[in-house]
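Enquirer: When you get a sec, could you give me coordinates for this:
(2 chains)
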There are 2 protein chains.
Amino acid sequence: MPRNALFADLYQLTMLRAYFELGMASPSAFSLFVRKLPSRRNFLIACGLADLLTGIESLRFDDDQLGYLRSLGDFPDSFLEWLRGFRFTGDIYALPEGTPFFANEPILEVVAPIAQAQLIEALVLNQIGLQTVLASKAARIVTAARGRPIVDFGARRAQGIDAATMGARAFYIGGVTATSNLAAGKAYGIPVSGTMAHSFIEACASEAEAFDSFVRIFPETTLLVDTYDTLAGVAKVVALSHSLGPKFKVRAIRLDSGDLDQLARGARQILDEAGLTNVQIIASGGLDEDQIDRLTTRNAPIDIFGVGTNMAVSSDAPALDIAYKLVEYAGVGRMKLSAGKATLPGRKQIFRNFHRQAAVYDVVGRHGENLSGLPLLSPVMLSGRRVGDGGGDLDLMRSYAKEAIEALPLEHRSLAPPVTPYEIRISLKLAEYQRSVVGRLLRTSIDRELK
Amino acid sequence: MPRNALFADLYQLTMLRAYFELGMASPSAFSLFVRKLPSRRNFLIACGLADLLTGIESLRFDDDQLGYLRSLGDFPDSFLEWLRGFRFTGDIYALPEGTPFFANEPILEVVAPIAQAQLIEALVLNQIGLQTVLASKAARIVTAARGRPIVDFGARRAQGIDAATMGARAFYIGGVTATSNLAAGKAYGIPVSGTMAHSFIEACASEAEAFDSFVRIFPETTLLVDTYDTLAGVAKVVALSHSLGPKFKVRAIRLDSGDLDQLARGARQILDEAGLTNVQIIASGGLDEDQIDRLTTRNAPIDIFGVGTNMAVSSDAPALDIAYKLVEYAGVGRMKLSAGKATLPGRKQIFRNFHRQAAVYDVVGRHGENLSGLPLLSPVMLSGRRVGDGGGDLDLMRSYAKEAIEALPLEHRSLAPPVTPYEIRISLKLAEYQRSVVGRLLRTSIDRELK
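Expert: The predicted model follows:
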C-alpha cells in the first residue's frame, strides 16, 4: 500500500499544477480543526502527530508515482520534474499529543509555500483524524472503567491494518493499558496481552483437557471459561487448582459472553470459595463505555476489561467533522463564507486558562498575541525538520493526557454531555481580524465582480 | 507499518505454541461469517478477498519479527525456529467478491493445519471485514443515486491510509464510479476524479480570477462555486463563458454546502438561461444514502454526487459482528455453545435458489452436499496457491455485484428494512450434524467432567 506522496486527492495535484504554472509560491498558512464535536464527545484528544511528521518528512515522488501521474494526461513533464524535487520545507505548530481540545480550536497549523501545505492535506486530515477519533473514544472507555485496566482487543474489527496498529497507539495515549495486537506492540513498544481463544478449547478433547494442557505450557495464563457453560468452566479451573496444588499459578479467567455482571459475581463466588481470591476476572464481548460504566457503577467483580469493536472503530462517532483550511496566503487572511462553514482567518494560538489547577476556558487568539493562560500550540517542525525528539515517548504522552483530562471541569470529563459547554472565547484581535477579512472579501471578491 | 505475520493478536501466537508443543497438527476448518446484519443493512457485499490472499501468500516471519517475539519471553527458540519456516499451505473457499450475503452464511472457509488457520485469524477478519463493511455501504449509496454516478471523496476521513485505499476498491466494486484518491487509482486502476478546492479560490485575488486562471490550465474542469456565495459563483461561471466564447469548455460546477436541492435548482436555472445546458452539477458535502435518496426522489438537478465521510467509515455501521470460528478439527465438528454465540459446525456450502432470475432463498448445507440452487462458495486457494487469476478484474466484480444485487427481491435491495427477512434455510443434513455435535459436546465435554 503506498503511504506517501500519492496518498492525496487528485484535486490537490491539479491545484499544485495551477500554483506551479501561475507562480503562486507565496507562504501560506493552513489550519486543522474540528467544526463540531460529535454528540457524545465532551472533548477530543489530539493524537497522531508523530506518525504524521514521519509521513511528511519522507514524502517524495518516485519514478513509479510520477509515471502514474503522467498516465492521467493532466500533468506536463515540467510539472512532474518539479514534483520530483518536492520536499516539505515548512513549519508546523501543533497541540502536543494527548491534549484535550474543543470545536474550532486549531489542532495544528502548517506554514509553508502553498503547494507544500496543499500537498499534505489528505495526509494531515487522515492521520490526525484517525488517531484523534480513536484516542478520544479510548478516553471515554478509560473513564468508565474507574481505574480498572482496559486492554485493546480491537485489531480484527478495526478498519484496516494501520487503523488497528495506529489505533493501539492512540488507545494507549488515551489511557488503555495494553493491546492484543503484536504489530502495534512491536511498532510502538506498547505492552501486549493475550492467551487463548475458543478455538483452542474446542480443538481439544474437552474443556478440562484444554485448560490442563495450556497451563502446563503457560502456568500464569488467563483461562477462557465461556466456551460451553461459563460457571461449569469456572468449576473446571477450581478442579485444576486442586489437581495442580501449589503449581497452580493461573492469574485470571476470562468471560466473553452472557450477562457479564451476573456471571462475574457467580465466578467470583466460586473462585473465592475455593480460596482462589487472587485469580482475577477479565470481561470482554461487545463492550463500550456505557456497558462498562454500568458494570463499574454496580461494582461487578471485574478486574480488567477487554474492549474490541466499539473502541476499534469508535462506533458511535467513527469520523470527525475535521477540516484543513487555508487561513493566510501572501500575508493576507483568507476564509470561506460558505453556509455553516465560515472559518477563522490567520494563524492562531490557543490559551488555556486555569483556576486552581482546573481549566476554566480557552481563548483562541491570533498567532503572536500574548494573552493570559497556557499557550497550547508549539512548533513541532521548522523548515521541514522536527523540533526535539518528535515527541516519541508514549508513556509521557499518556501521563500528560491523563493530567490534562483531569484538569478539565468534572462535567466535561464525565460520560454525560455537560450542562454548560466548555467556554471557547475568541480574542478581540482575532474577532477584529475576522471582521476585516470578511469586509475585504465582501468588497473585493464579491461586490466588484458582480458590478 | 508491518502488514504481515505480526498483524496478529498475541493469543494467536500463544495458541500456536501450544499446538506446536502438544503436536496438534491435524487439519482444521474455520468459517468466517457475520452473526447479525447491522440494522440498516438488508444484505452485505463480500469484498476484500484478493487483498487477503495476497497477504496470506506473502506471510513470513523475518528475523526482526522473531526477535520481537523472543523479547516477549513467552516463546522458546524451538517454536521460533518453527515459525521461521511458516508457510500457509491450506485451502480457502470463498464467496466471489461482489456477492450479496446474509447473516450466518459463510463468507469464507479455511481448511488447513490448525496452526496455519489460526495464524491468519486477525488478518482474515480485518481485511474481509474492512472491505465488506465499505462495499456494503457503497451499494446503498449507489442505490439511492438511482443511476447517477457516485464519486468517492472519502480518503481524508477514512480510518487510515489502507482503509482509504482498500475502501476505494470496495466502493468501486459496490458500484461507485471513481475516486479522488490517487493511491487507490494507482494501486487498483480505479478511475480518479478531482479538480479544485476552496483553498485555490481563496488564495487567488478573487473568485472570478481563480476560475479564469484555472480554466486556462484545465479547460474541461469542474469549478467549485460555493466559496463565498453559491449563486454569485455560478453567475461568474456564466460571465466566464461569455468572455471565453467558444473556448469555454467547463464540464461541471460543484456545490459543497448549503441546501443542495435549492441551490442545484437555482444553479441549473442560471446555467440553462445562459445556454450552458451541458454544464453538469456535482453535489457534495456530508452526503449519505438518505440525503441522496431525498434529492433524487425530488429530482434535484444534480448529475453526480461526491460522497466522503459517511461512506468512508460506513458511519451508521462502521464494523460488523464478524467472526472466524473453528468448525472442524481432526475430522470432528466443533462449535461453541456460549450464550448467543453458538456456531454451525463443519464445512459448509451455500445454495442460492432463484425463481424467474430472482433469488428467493438460500440453503446453507454441509460441504459436499448437492442441493438445488447455485452453490456460492468456490475454491480460491488450494495448497497455499491461488486458483485462477485470483479474481483481479475489478470491473468484472463490479458488474457481477450489480447483477447479483439486482437479482435480490426488491424489498431487500431498497434502502428501507424489508418486511420479511430474506430466507436462509439450514439443510436437513447440517441441522442433523449440528444436533449430533451438540449432543457429543454435552456428553463428553461437559457431563463427563462435572461428574
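
Enquirer: how about the strands in the stretch 251-400 of chain A?
Expert: According to DSSP state E, counting those that start in this stretch, the stretch 251-400 of chain A carries its strands in the segments A:252-255, A:280-283, A:304-307, A:322-329, A:332-333, A:348-355, A:358-366, A:374-375, A:378-382, A:385-386.

Enquirer: who wins for proximity to chain B among those?
Expert: Ranking the strands of the stretch 251-400 of chain A by proximity to chain B (CB to the nearest CB) places strand A:322-329 first, at 3.9 Å. Every C-beta, even on glycine, is put in place using the N, C-alpha and C of the backbone.

Enquirer: now check the closest one, is it near chain B?
Expert: Yes: among the residues of strand A:322-329, A:322, A:324-326, A:329 lie within reach of chain B under CB under 8 Å from any CB of the partner chain.

Enquirer: so residue A:326 makes contact with residue B:210?
Expert: No: in this structure, residue A:326 sits apart from residue B:210 without contact. The criterion is CB atoms under 8 Å, and the distance is 11.9 Å.

Enquirer: which residues touch residue A:354?
Expert: A:360, A:373-374, A:407 (CB atoms under 8 Å, 6 or more residues apart in numbering or on different chains).

Enquirer: Narrow those to those that are buried.
Expert: Neighbour counting with 16 or more other CB atoms under 10 Å in any protein chain shown marks A:373, A:407 as buried within those.

Enquirer: which of the residues of strand A:322-329 next to chain B tops the neighbour count?
Expert: Going through these with other CB atoms under 10 Å in any protein chain shown as the criterion, the one with the most neighbours is residue A:326, at 27 neighbours.

Enquirer: dump the residue contacts of that residue.
Expert: Shown here is residue A:326, whose contacts under the criterion CB under 8 Å, 6+ apart are A:28-30, A:114, A:117, A:334, B:198-199, B:202-203.

Enquirer: Can you tell me the closest non-neighbouring residue to residue A:70?
Expert: On the basis of CB to CB, 6 or more residues apart in numbering or on different chains, the spatially nearest residue to residue A:70 that is not a chain neighbour turns out to be residue A:80, at 6.0 Å.

Enquirer: so the one you found is in which element?
Expert: When secondary structure is defined by DSSP states H and E, residue A:80 falls within helix A:77-84.

Enquirer: Mind listing the strands the helix or strand following that helix pairs with, and their directions?
Expert: Next in sequence after helix A:77-84, counting helices and strands by DSSP H and E, comes strand A:91-94. Strand A:91-94 has the following strand partners under DSSP bridges: strand A:108-113 (antiparallel), strand A:378-382 (antiparallel).

Enquirer: Tell me what angle the last one forms with strand A:348-355.
Expert: What that stands for is strand A:378-382. 150 degrees (axes from the mean of the first three to the mean of the last three CA atoms, to 10 degrees).

Enquirer: And the contacts of strand A:378-382?
Expert: By CB under 8 Å, 6+ apart, the residues outside strand A:378-382 that reach it are A:49, A:53, A:56, A:90-94, A:96, A:386-388, A:390-391.

Enquirer: go with 10 Å
Expert: Defining contact as CB atoms under 10 Å, 6 or more residues apart in numbering or on different chains, one finds that strand A:378-382 is touched by A:49-50, A:52-53, A:56-57, A:88-97, A:108-112, A:349, A:386-388, A:390-391.

Enquirer: Tell me the gap between it and the middle of its chain.
Expert: Averaging C-alpha coordinates over strand A:378-382 and over its chain gives two centres that are 20 Å apart (CA atoms, centre = their mean, to the nearest Å).

Enquirer: again with the first one
Expert: In this view, strand A:108-113 has its centroid 21 Å away from the chain centroid, taken as CA atoms, centre = their mean.

Enquirer: ok, and the closest non-adjacent residue to the residue nearest the centre of chain A?
Expert: Central residue check for chain A by CA atoms, centre = their mean: the C-alpha nearest the mean position is that of residue A:131, 2.4 Å away. Of all residues not flanking residue A:131 in the chain, residue A:48 sits nearest, at 3.1 Å (CB to CB, 6+ apart).

Enquirer: For residue A:307, which residues are in contact?
Expert: Neighbours of residue A:307 in contact, by CB under 10 Å, 6+ apart: A:137-138, A:141-142, A:144-145, A:150-154, A:171, A:176, A:283-289, A:291-292.

Enquirer: which of these come close to chain B?
Expert: Taking CB under 10 Å from any CB of the partner chain as the test, chain B is in contact with A:152-154, A:285-286 out of these.

Enquirer: most surrounded residue in those?
Expert: Neighbour count (other CB under 10 Å) singles out residue A:152 as the most crowded of those, with 33 neighbours.

Enquirer: wait, that residue sits on residue A:309?
Expert: No: using CB atoms under 10 Å, residue A:152 makes no contact with residue A:309, being 11.1 Å away.

Enquirer: which residues are common contacts for the two?
Expert: Shared contacts of residue A:152 and residue A:309, counting by CB under 10 Å, 6+ apart, come down to residue A:158.

Enquirer: before we move on, back to that, could I get the contacts of residue A:354 in JSON lines, plus columns for pLDDT and distance to residue A:397?
Expert: Listed next are the contacts of residue A:354 as JSON lines, based on pLDDT from 0 to 100; distance: CB to CB, whole Å:
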{"residue": "A:360", "pLDDT": "96", "distance to residue A:397": "24"}
{"residue": "A:373", "pLDDT": "97", "distance to residue A:397": "22"}
{"residue": "A:374", "pLDDT": "97", "distance to residue A:397": "17"}
{"residue": "A:407", "pLDDT": "97", "distance to residue A:397": "15"}
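
Enquirer: Which one of the contacts of residue A:354 is nearest to residue A:69?
Expert: Top of the list for closeness to residue A:69, among the contacts of residue A:354 and by CB to CB, is residue A:374 at 44.1 Å.

Enquirer: can you count the residues close to the nearest residue to that closest one once chain neighbours are set aside?
Expert: The shortest distance from residue A:374 to any non-neighbouring residue, by CB to CB, 6+ apart, is to residue A:352 (4.7 Å). Residue A:352 has 20 neighbouring residues, counting by other CB under 10 Å.
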